[in-house]
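**Q** fold the following.
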Amino acid sequence: MPAVSKGDGMRGLAVFISDIRNCKSKEAEIKRINKELANIRSKFKGDKALDGYSKKKYVCKLLFIFLLGHDIDFGHMEAVNLLSSNKYTEKQIGYLFISVLVNSNSELIRLINNAIKNDLSSRNPTFMCLALHCIANVGSREMAEAFASEIPRILVAGDTMDSVKQSAALCLLRLYKTSPDLVLMGEWTSRVVHLLNDQHMGVVTAAISLITCLSQKNPDEFKTCVSLAVSRLSRIVSSASTDLQDYTYYFVPAPWLSCKLLRLLQCYPPPEDGAVKGRLVECLETILNKAQEPPKSKKVQHSNAKNAILFEAISLIIHYDSEPNLLVRACNQLGQFLQHRETNLRYLALESMCTLASSEFSHEAVKTHIETVINALKTERDVSVRQRAADLLYAMCDRSNAKQIVAEMLSYLETADYSIREEMVLKVAILAEKYAVDYSWYVDTILNLIRIAGDYVSEEVWYRVIQIVINRDDVQGYAAKTVFEALQAPACHENMVKVGGYILGEFGNLIAGDPRSSPLVQFNLLHSKFHLCSVPTRALLLSAYIKFINLFPETKATIQEVLRCDSQIRNSDVELQQRAVEYLKLSSIASTDVLATVLEEMPPFPERESSILAKLKKKKGPGAVSVPELDDKREGGELNGGGDRGPDTAAMSASNAVSRYVLVASSCLFMYIGFVCKNNGVLFENQLLQIGIKSEYRQNLGRMYLFYGNKTSVQFASFTTTVSCPGELQSHILSLNVQTKPVEPLVEGGAQIQQVLNIECLTDFSEAPLLNIKFRYGGALQNLSLKLPVTINKFFQPTEMTSHDFFQRWKQLSQPQQEAQKIFKANHGMDTEVLKAKLLGLGTALLDDVDPNPENYVCAGVIQTKGQQVGCLLRLEPNGQAQMYRLTLRCSKDSVSMRLCELLAQQF
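**A** Predicted coordinates:
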């Protein structure tokens, strides 16, 4: 930039700033500012025309006053006049004032745009850069409309100076982020991509930021950048620090550019060209090799730059997930960082290893660092690092190390920070159930969990342990004995009382033979906790007491005395009072047989439904199972092995069986619908098999991880999976391209295997792919078919819009076929935070302060397919009084509007 001459010192501005600094009070400062504003206003309104220097000085003063926090309502025209000056310093101040003070809706925008156009066409590189900086700083839609077509031409022109190219690339990036629909590269695409070959490294660095953003939105248009990026990365990685002297940072050649190149490559799958892929693998190996070399400087800047490149390279290796050698090497490198003295490096290493643990190629390598991770969990001072260590232990857990990891996490829970206890409890509960071969160990673990962190054990956790105990005859006696011993502790958490009351009420008879746990001892132990518990727990204990009367008739008089006392039958809580009165009456007038029937043991939770499905299948005959029934088998069918339950199932009438089957079918459909607004969770679970799902989507590409867990102790043989696309997906024009990796044919008892699905959306679709699973369990062939939760909204890219832009676009999508509307009754509670979470989970951007009615929700997004982009606008209008919604969608493609409307109406 031109040097500022001594005449441009603006002594008057310096004196004014000095006066402000010397003010002793706020009042004195305001008085001096008002005096100066009056002086400037008189100068601007005076008859005598001001010269450029005076205008610049006064505009600078106004800018300084604004930065002090005072409103400025004049001087804008004088700033615009400075833009036409041929002096750099005057033009610079004019652009600075406009960038800071001029609103995008100002009436002066047209004048400003004309001045910017003049500077862009002047071919003066300094003036061009000032104009480009102003466009980027303001970044309004009006400026995008005026210059979006001009800036790409400047960027790729052969006679444009390097400094201007850098400014043009970053300016175009800013406009694309604010108004992506106005920045259409079209004919400029290939020439912009070839900027990666520019000789000037600054141009390459600026251009790659633009190309990365464009690639994320339109990967197919910019896929030629992959080979150029690999080529440029190869030249940087193989160069010595002296080769790129101007761009070497503490002996590391071009670290910022290297990181950006590696990040760009993460937008694409591995290169198909063998030569390009080989060159990229060579680059990644070189980066890993350099990480092992002794540092060339002891300065922290050297290690920061070197490690930044290394972590981006590891992120790329993880993203590709196709090079076993690189994945293992990356894991070993991260393992070295786990004991590094720098906290940030330990944190990043743990975070990256969590991702590596999910790869089939590097999982075993990650497990070798288990002792180091456990040590980090115990000794790290930073809670965020301890949390990442807990996440990594959870990710690396499998059947071989489950008991060790669960034990360590339980041990850590006793001293864990309160902020992460709830998450830790959930992880321990999940791992204990997932890898429990011996269910007595599972019961011990959950009871320990309640003892250590009872306040953080949610209802779902203790519900689940009760379900498992009821479903497994072999663990019921052990559970009763263990919970009885746990209740004898002087301080006992309320959740332990709940579990104890439920299990002893059901299975207390299994330990009643021991004098130390006789019926009266059990009752007295439970009742000793009664006065310390909340109302819901007291209600549960009253139910346990009436169960005791059925199990142990000798306790009847004692329990009736408790139920008869005033504190129960005249309790201020209606629920407790009603239970006490009804249970007392039931125990008094009912015969032993009636009592035994009413209070019989709880039936196993899933098996009863599974038995009905198995019986229904037998009645239908072999080979007569329809596709809907196969979908519903995630709740039961052959997989549950429930067909050999007692004669109670066989005695059911056909009509009852069919009605139960319809209920199960509805619940299965609900499970599938539940994934519309989320990507992770359990897709299917029964007595034999659990299928978990984790998916991620970017543009029109998706990757889905399926986790098949064998819940039995028996091996699954001939385990195969196939993915098919029904209906319209099987037509000659495919809507989805689903590529699957084969799974292991043998799944050991208690083990889990993973399958990766790569999904590409070619065009919009309405039917989800089907996953078919076949395997042999105990010699019998099991067959299961499920809908994969791949819906059109998974390929949404959120789009931020102003209120003006939203309604302008809303009016443009006014064709009747472009709109889908549905008015429906609320299926769930109309909680504001839940609604927002679901709309964000849909994949769109939730726009605030757009709709005139603040109660309404407005969203915008673009569905990315390989063939086209479909813009979608959504409006959800709740009516809390009527418990109704009106959902309106407008999309640039009518079939998408209808499909999204159907999907969303089931979510609220």
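**Q** low-confidence ranges in the stretch 401-550 of the chain?
**A** The stretch 401-550 of the chain contains no residues with pLDDT under 70.
**Q** ok, which stretches of it are helices?
**A** 402-413, 418-434, 439-453, 459-471, 473-487, 494-507, 519-527, 535-551 (DSSP state H, counting those that start in this stretch).
**Q** now the ones you listed as TSV including distance to Thr379 and mean neighbour count?
**A** No exception for glycine: its C-beta is placed from N, CA and C like everyone else's. Shown next, in TSV, are these (distance: least, CB to CB, whole Å; neighbours: other CB atoms under 10 Å):
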stretch	distance to Thr379	mean neighbour count
helix 402-413	11	20
helix 418-434	16	19
helix 439-453	20	22
helix 459-471	28	18
helix 473-487	30	19
helix 494-507	30	24
helix 519-527	40	18
helix 535-551	38	21
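**Q** give the contact list for the residue nearest the centre of the chain.
**A** In the chain, the centroid-proximal residue (CA atoms, centre = their mean) is Asn679; its distance is 7.8 Å. The contact partners of Asn679, taken as CB atoms under 8 Å, 6 or more residues apart in numbering, are 693-697, 794.
**Q** buried residues, stretch 156-172. List them.
**A** 156, 160-161, 163-172 (16 or more other CB atoms under 10 Å).
**Q** which of these fall in helices?
**A** 156, 163-172 (DSSP state H).
**Q** pick the one among these closest to Gly500.
**A** Ranked by distance to Gly500 (CB to CB), those are led by Leu170 at 65.4 Å.
**Q** and that closest one, how far from Ile309?
**A** 22 Å (CB to CB, to the nearest Å).
**Q** widest-spaced pair of the buried residues of stretch 156-172?
**A** Every pair of the buried residues of stretch 156-172 checked by CB to CB; the farthest is Met161 and Leu172, at 16.4 Å.
**Q** that older thread, which one of the helices of the stretch 401-550 of the chain lies nearest to Arg570?
**A** helix 535-551 (14.3 Å).
**Q** what's next to the next helix or strand after that closest one, contact-wise?
**A** Next in sequence after helix 535-551, counting helices and strands by DSSP states H and E, comes helix 556-564. The contact list for helix 556-564 (CB under 8 Å, 6+ apart) reads 520, 523, 527, 542, 545-546, 548-549, 568-569, 580, 583-584, 587-588.
**Q** which among the residues you listed gets closest to Val535?
**A** Nearest member of these to Val535, counting by CB to CB, is Leu542, at 10.6 Å.
**Q** residue contacts, that closest one?
**A** 563, 568, 576, 579-580, 583.
**Q** filter those residues down to the ones in helices?
**A** Per DSSP H, the contacts of Leu542 map to helices at 563, 568, 576, 579-580, 583.
**Q** any chance of those residues in CSV with pLDDT and neighbour count as columns?
**A** Shown next, in CSV, are these (pLDDT from 0 to 100; neighbours: other CB atoms under 10 Å):
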residue, pLDDT, neighbour count
Leu563, 88, 22
Gln568, 83, 20
Leu576, 89, 20
Arg579, 89, 23
Ala580, 89, 24
Tyr583, 89, 21
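**Q** closest one to Met830 out of these, please.
**A** Looking across the ones in helices among the contacts of Leu542 and measuring by CB to CB, the closest to Met830 is Leu576, at 30.9 Å.
**Q** contacting residues for that closest one?
**A** Here Leu576 is in contact with 535, 538-539, 542, 568 (CB under 8 Å, 6+ apart).
**Q** same question, Leu326
**A** Contacts of Leu326 (CB under 8 Å, 6+ apart): 281, 284-285, 288, 317.
**Q** got the phi and psi for Phe684?
**A** Phe684 has phi and psi values of phi -160, psi 140 when expressed as degrees, to the nearest 10.
**Q** tally of neighbours for it?
**A** 22 (other CB atoms under 10 Å).
**Q** who does it form a beta bridge with?
**A** Beta bridges link Phe684 to Ile691, judged by DSSP bridges.
**Q** just to check, it is in contact with Gln690?
**A** Yes - the pair Phe684 / Gln690 is scored as a contact, 7.2 Å apart, by CB atoms under 8 Å.
**Q** before we move on, the earlier item: show the buried residues in the contacts of Asn679.
**A** Judged by 16+ other CB under 10 Å, buried ones among the contacts of Asn679: 693, 695, 697, 794.
**Q** for the first one, what is the enclosing helix or strand?
**A** This points to Ile693. strand 689-698.
**Q** low-scoring stretches of this structure, by residue?
**A** Short version for the chain, where the test is pLDDT under 70: 1-9, 47, 104-106, 241-243, 605-672, 726-734, 779.
**Q** change it to 50
**A** Low-confidence segments of the chain, defined by pLDDT under 50: 1-7, 607-670, 728-732.
**Q** am I right that Asn783 is in a helix?
**A** No - counting by DSSP: H, G, I helix; E, B strand; the rest coil, one finds Asn783 to be strand, located in no helix.
**Q** now it. Nearest residue, chain neighbours left out?
**A** Lys774 (5.4 Å; CB to CB, 6 or more residues apart in numbering).
**Q** partner strands of the helix or strand hosting the one you found, parallel or antiparallel?
**A** In this structure, Lys774 sits in strand 770-777 according to DSSP H and E. Sheet pairing for strand 770-777, assigned by DSSP bridges, gives strand 717-724 (antiparallel), strand 780-787 (antiparallel).
**Q** okay if I get these as CSV plus mean neighbour count and distance to Leu13?
**A** Formatted as CSV, the strands paired with strand 770-777 follow (neighbours: other CB atoms under 10 Å; distance: least, CB to CB, whole Å):
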stretch, mean neighbour count, distance to Leu13
strand 717-724, 15, 70
strand 780-787, 18, 70
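**Q** so which of the ones you listed gets nearest Ala453?
**A** Taking the strands paired with strand 770-777 one by one with CB to CB, strand 780-787 is closest: 34.9 Å.
**Q** before we move on, the earlier item: among the contacts of helix 556-564, which two are most distant?
**A** Leu520 and Ile569 (22.2 Å).
**Q** what sits up against stretch 460-473?
**A** 425-426, 429, 433, 439, 442-443, 446-447, 449-450, 475-476, 479, 495, 498-499, 502-503, 506-507, 602-607, 687.
**Q** what sits against Lys217?
**A** With CB under 8 Å, 6+ apart, Lys217 has these contacts: 180, 699, 797, 864.
**Q** try it again with 10 Å
**A** 176, 180, 183, 267, 699, 797, 862, 864, 869 (CB atoms under 10 Å, 6 or more residues apart in numbering).
**Q** any idea how far it lies from Leu173?
**A** 12 Å.
**Q** shared neighbours, those two?
**A** Val183.
**Q** quick check: buried residues in stretch 291-309?
**A** Using 16+ other CB under 10 Å as the test for burial, stretch 291-309 gives 291, 302-309.
**Q** now stretch 323-343 - C-alpha only, PDB.
**A** Only the C-alpha atoms of stretch 323-343 are listed here, as PDB (Å, rounded to 0.1, in the frame of the first residue of the first chain):
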ATOM      1  CA  GLU A 323      -6.100 -47.700   4.400                       C
ATOM      2  CA  PRO A 324      -5.500 -50.100   7.300                       C
ATOM      3  CA  ASN A 325      -1.800 -49.300   7.400                       C
ATOM      4  CA  LEU A 326      -2.300 -45.600   7.700                       C
ATOM      5  CA  LEU A 327      -5.100 -46.000  10.300                       C
ATOM      6  CA  VAL A 328      -2.900 -48.100  12.500                       C
ATOM      7  CA  ARG A 329       0.000 -45.700  12.100                       C
ATOM      8  CA  ALA A 330      -2.200 -42.700  12.900                       C
ATOM      9  CA  CYS A 331      -3.400 -44.500  16.000                       C
ATOM     10  CA  ASN A 332       0.100 -45.200  17.200                       C
ATOM     11  CA  GLN A 333       1.000 -41.600  16.600                       C
ATOM     12  CA  LEU A 334      -2.000 -40.400  18.600                       C
ATOM     13  CA  GLY A 335      -1.000 -42.900  21.300                       C
ATOM     14  CA  GLN A 336       2.300 -41.000  21.800                       C
ATOM     15  CA  PHE A 337       0.400 -37.800  22.300                       C
ATOM     16  CA  LEU A 338      -1.700 -39.300  25.100                       C
ATOM     17  CA  GLN A 339       1.300 -38.800  27.500                       C
ATOM     18  CA  HIS A 340       2.400 -35.500  26.000                       C
ATOM     19  CA  ARG A 341       2.900 -32.600  28.500                       C
ATOM     20  CA  GLU A 342       0.800 -30.300  26.400                       C
ATOM     21  CA  THR A 343      -2.900 -30.600  27.500                       C
END
